[in-house]
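*Asks:* Turn this into a structure:
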Amino acid sequence: MQGNNDKVRTVILATVMSLLTACGGGGGGGSSNGSGAATPPGGVNLQVVSFGDSLSDVGTYAPLAGAVGGGRFTTNPGQVWTQNVAQYYGGSLSAAFTIDITHKLSAQSGLGYAEGGATVATPANQNDFLTNVIGNVEMPVNQQVSSYLATHGSFNSSQLVLVWVGANDVLRAGSLPAAAPTVQTAATTLAQVVGQIVQNGATHVVVVNVPNVGLSPKGLASADGGANLTQVSQLFNQDLNTALQADGLQGKVIQIDSYTWINQIIANFQANGFVVANTGQACDPKKTPDDTALLCSPATYVTANADQTDMFADDLHPTTHLHTLFAQFVEQQIAASGLGH
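*Replies:* Alright, predicted model coming up:
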């Protein structure tokens, strides 16, 4: 893999300046809705603001990863669920920050604050996230929210705020029972961040719990077959529910149970249009640099339509098809809360 990585970095260094010039670093504008816009599929015009990690990242690292056809943590050039949801409510979503050739984040006009590698509150320099490709730059979600507020001042009733984080906290927590305090701190802190969002004017806030990380290809490949990661995922979700309730937030947010949803999709993968369940990945590890979806492109798919037939892009991240299904599930849950249809 090292020779492949060197080749990738050579390509990146040779083309990044032209990419930055062509893309403006921001990937095509922010999440926006004109007041005179036609009624979107969701039945209501909403401006989407997103906070989280790689599951929601719309292109923080695209100026570099785009040099090899990557850009998002999925089967590129496919979209992630947050982009689909933004379109459903009449807008678009692009990155709030993008990386440059010096491995620094620069502010853009987008409202997609989610960044691959982010935790709830752990500083980036304590993580080891693709450091050889992008460095340690990702903002944790508490910092993402603070950055939004520093720029925009507050949220408003015309916005839909999406919050999905915790998977990296689960992955880095270690084994139970020693992991329990770390998980509880992360979940409690996340509830506090959600409270900050609500207190600063947001009236439509979607909070997604952690999926069953133990059922990812990475989980299945672990020594215990994913048992610990499943238990830690469950604990995070239990602690998050408890904290949201204790903080009086459960009635003020729309909670999305991604844990149960992914379990059900995996159990019925063929009925949901997949050929390969959670035992494989769409991005060929032998062809995909660093074996990460961030650098996955059609040229590295295991088959030409793997973005539709497989559930996972790499050992953790959803394919385009799985992102599409999850966006639809979220839209349904939002409608069930009484907002749009």
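*Asks:* Please identify the buried residues of stretch 196-216?
*Replies:* 197-198, 200, 202, 204-216 (16 or more other C-beta atoms under 10 Å). Bear in mind the C-beta positions are built from the backbone N, C-alpha and C, glycine included.
*Asks:* Then stretch 235-253?
*Replies:* Residues 235-237, 239-241, 243-244, 249, 252-253 are the ones in stretch 235-253 that count as buried (16+ other C-beta under 10 Å).
*Asks:* Nearest to Asp290 among these?
*Replies:* Nearest to Asp290, judged by C-beta to C-beta, of those is Phe236 at 26.4 Å.
*Asks:* Could you give the average pLDDT over the helix or strand containing the closest one?
*Replies:* Take DSSP states H and E as the rule and Phe236 turns out to sit in helix 227-246. Average pLDDT, helix 227-246: 98.
*Asks:* hey, C-alpha coordinates of that helix in CSV?
*Replies:* Extracted C-alpha coordinates of helix 227-246, given in CSV (Å, rounded to 0.1, in the frame of the first residue of the first chain):
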residue,chain,number,x,y,z
ALA,A,227,-19.5,-7.9,20.1
ASN,A,228,-17.7,-5.2,22.0
LEU,A,229,-18.4,-2.5,19.4
THR,A,230,-22.1,-3.5,19.4
GLN,A,231,-22.2,-3.2,23.2
VAL,A,232,-20.4,0.1,23.3
SER,A,233,-22.8,1.4,20.6
GLN,A,234,-25.8,0.4,22.7
LEU,A,235,-24.3,2.0,25.8
PHE,A,236,-23.7,5.3,23.9
ASN,A,237,-27.3,5.3,22.8
GLN,A,238,-28.6,4.5,26.2
ASP,A,239,-26.5,7.3,27.8
LEU,A,240,-27.6,9.7,25.1
ASN,A,241,-31.3,9.0,25.7
THR,A,242,-30.8,9.4,29.4
ALA,A,243,-28.9,12.7,29.0
LEU,A,244,-31.5,14.1,26.5
GLN,A,245,-34.3,13.3,28.9
ALA,A,246,-32.5,14.7,31.9
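*Asks:* wait, what's in contact with Ala167?
*Replies:* Neighbour list for Ala167: 53, 55, 210-211, 213, 316 [criterion: C-beta atoms under 8 Å, 6 or more residues apart in numbering].
*Asks:* So which residues of the stretch 1-150 of the chain form helices?
*Replies:* For the stretch 1-150 of the chain, applying DSSP state H, counting those that start in this stretch gives helices covering 2-23, 62-65, 81-88, 141-152.
*Asks:* confidence score at Lys7?
*Replies:* Lys7 is assigned 45 on the pLDDT scale.
*Asks:* what sits against Glu138?
*Replies:* Taking C-beta under 8 Å, 6+ apart, we find Glu138 in contact with 60, 115-118, 124, 127, 129.
*Asks:* do the same with Ser146
*Replies:* If you count contacts by C-beta under 8 Å, 6+ apart, Ser146 has none.
*Asks:* and it, how far is that from Phe51?
*Replies:* The gap separating Ser146 from Phe51 is 11 Å, by C-beta to C-beta, to the nearest Å.
*Asks:* which stretch of helix or strand covers Val207?
*Replies:* Going by DSSP H and E, Val207 is in strand 205-208.
*Asks:* Run through who's touching that strand.
*Replies:* With C-beta under 8 Å, 6+ apart, strand 205-208 has contacts from 52, 160-164, 194, 197-198, 240, 244, 252-256, 258, 330, 333-334.
*Asks:* what is the mean pLDDT for that strand?
*Replies:* Mean pLDDT, strand 205-208: 98.
*Asks:* and what of stretch 282-290?
*Replies:* The average pLDDT within stretch 282-290 is 96.
*Asks:* heads up, I number from 19, so please use that
*Replies:* Okay, using 19 as the starting number, the last item reads as stretch 300-308.
*Asks:* Do me a favour and get the end-to-end distance for it?
*Replies:* One end of stretch 300-308 sits 14 Å from the other (C-alpha to C-alpha, to the nearest Å).
*Asks:* List the buried residues for that stretch?
*Replies:* Buried, per 16+ other C-beta under 10 Å, within stretch 300-308: 300-301, 306-308.
*Asks:* Okay, strands next: where are they in the stretch 69-218 of the chain?
*Replies:* For the stretch 69-218 of the chain, the strands defined by DSSP state E, counting those that start in this stretch occupy 115-117, 123-125, 177-182.
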